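Asker: Requesting a structural model of the entry that follows:
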Amino acid sequence: MLKFVGVFLAAALAGLSAGAIATGTTPLGLLDRAALSTPTAPVAGGTPWDETFFPNVPVQTHDGRTLRFYDDLVRNKIVVVNFIYTSCSNICPLVTSRLALVKDMLGERVGRDIFFLSISIDPLNDSPGVLKKYAETYRAGPGWTFITGDPEHMDVIRAKLGERSSVKAEHRNDIMIGNDRIGRWGRDSAFSNIEVLAETIQEFDPAWIKPIPERIETSALPVNYSLHDKPGSFLFTKACGGCHSIGHGDIVGPDLAGVLDRRDHEWLRRFLREPDRMRAEKDPLTVELDEKYPGAKMPNLNLSNSDVDDLFAYLSSQGAKETSASGGAKIEAVPPNATSHAH
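Answerer: Got it, this is the predicted structure:
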């Protein structure tokens with residue numbers, strides 16, 4: 001699991017491009033919470049991050065409205081902003097699914113106090129109708145707006161917000177958080193701990209008071225905990241949990257309860273490692289899954305053989321727990337290929 005963990009730790013510390021995290025390349029730079037892009041000259045007695053900085057061009061939303069970017073979507077609001085394109089086959093689905101978890105954690109504050117904005121970098125193909133299907137796939141709901149528009153206008157918005165990649169697959173995948181009312185803006189990573197990220201977003205609201213955590217008895221804390229105590233747990237939480245549950249029904253993708261019993265292990269191992277290649281080869285089961293879950297195609301997560309081993313072990317352990325809890329006989333899962341440990 002070390003290869004994949006390393007990629008995610010880097011993502012938590014840097015604003016990586018989609019191509020960078022997909023291939024595990026060197027981070028572009030340390031997390032910058034201080035600024036978005038070079039602002040215009042500060043307004044006397046005010047903030048540089050105001051209506052003179054943000055474009056106020058018309059945009060189209062996934063629900064068919066035409067709005068002004070600054071006046072209608074940013075002005076006086078707390079916003080969480082990211083860049084996507086719906087045909088992205090690697091990082092966009094991961095980021096979007098994790099933001100959906102953050103949205104769920106923020107609850108009714110989304111759409112009332114906090115607003116999510118997902119900006120398409122492929123406006124020629126991402127029509128309002130396409131974005132609507134994408135939003136529905138990820139359970140966006142009220143308070144989360146997907147934006148497209150005239151390519152020139154979208155380019156102005158991208159450039160002002162610091163997204164200047166010339167290749168779609170290399171676009172920024174960090175998120176921006178801002179409170180326009182007080183002129184405070186910063187960046188964070190969608191791969192941060194979900195609870196911590198939800199808390200960080202709420203900290204942009206001066207009126208928010210952090211809840212006092214319940215006291216935890218020292219004796220209840222785990223002793224000598226190690227990632228190796230739960231192989232695959234970290235990986236599943238970061239890479240899979242936004243789209244899949246184990247025993248709680250379909251989310252964006254299928255419920256993975258019993259998947260080791262339903263699927264041939266060699267097929268599953270290859271699907272986890274190279275779903276894009278299997279899709280290109282028209283693998284019948286891959287095509288069937290894509291048709292059943294449109295808009296949520298399994299991305300290539302750049303998993304190593306040992307990553308897959310860890311996921312198999314974790315899924316097996318969770319399957320055994322589900323069976324034990326239901327009072328049934330324990331399922332003896334077939335172990336993953338123990339000889340495969342390439343990183």
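
Asker: Tell me where the stretch 151-300 of the chain is predicted with low confidence.
Answerer: 213-230, 238, 242, 294-296 (pLDDT under 70).

Asker: Which positions in stretch 56-65 come out as buried?
Answerer: Residues of stretch 56-65 classed as buried by neighbour count (16 or more other Cβ atoms under 10 Å): 56-57, 59-62. Backbone N, C-alpha and C define where each C-beta goes, glycine included.

Asker: how about a markdown table for the residues you listed, with secondary structure, distance to residue 307 and pLDDT added?
Answerer: Formatted as a markdown table, those follow (DSSP: H, G, I helix; E, B strand; the rest coil; distance: Cβ to Cβ, whole Å; pLDDT from 0 to 100):
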| residue | secondary structure | distance to residue 307 | pLDDT |
| --- | --- | --- | --- |
| 56 | coil | 45 | 95 |
| 57 | coil | 42 | 96 |
| 59 | strand | 39 | 97 |
| 60 | strand | 39 | 97 |
| 61 | strand | 38 | 97 |
| 62 | coil | 34 | 97 |
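
Asker: Find the residue at the geometric middle of the chain.
Answerer: residue 95 (1.7 Å; Cα atoms, centre = their mean).

Asker: helix/strand/coil for it?
Answerer: State at residue 95, reduced to three classes by DSSP: H, G, I helix; E, B strand; the rest coil: helix.

Asker: Return the backbone torsion pair for residue 87.
Answerer: Main-chain torsions, residue 87, degrees, to the nearest 10: phi -90, psi 0.

Asker: swap in residue 175?
Answerer: phi -120, psi 150.

Asker: Identify the bridge partners of it.
Answerer: residue 188 (DSSP bridges).

Asker: wait, what's in contact with it?
Answerer: When contacts are counted by Cβ atoms under 8 Å, 6 or more residues apart in numbering, residue 175 touches 80-82, 95, 99, 187-190.

Asker: Considering those, which is situated nearest to residue 273?
Answerer: Minimum distance to residue 273 across the contacts of residue 175 is 20.7 Å, recorded for residue 95 (Cβ to Cβ).

Asker: quick one: which of the contacts of residue 175 is most hemmed in?
Answerer: residue 80 (26 neighbours; other Cβ atoms under 10 Å).

Asker: Test my guess that it contacts residue 118.
Answerer: No. Look at residue 80 against residue 118 with Cβ atoms under 8 Å: they stay out of range, at 9.2 Å.

Asker: what about residue 142, which SS state?
Answerer: coil.

Asker: Tell me how many other residues surround the nearest residue to it once chain neighbours are set aside.
Answerer: The spatial neighbour of residue 142 that comes closest, neighbours along the chain excluded (Cβ to Cβ, 6 or more residues apart in numbering), is residue 111 at 4.1 Å. By other Cβ under 10 Å, 16 other residues sit near residue 111.
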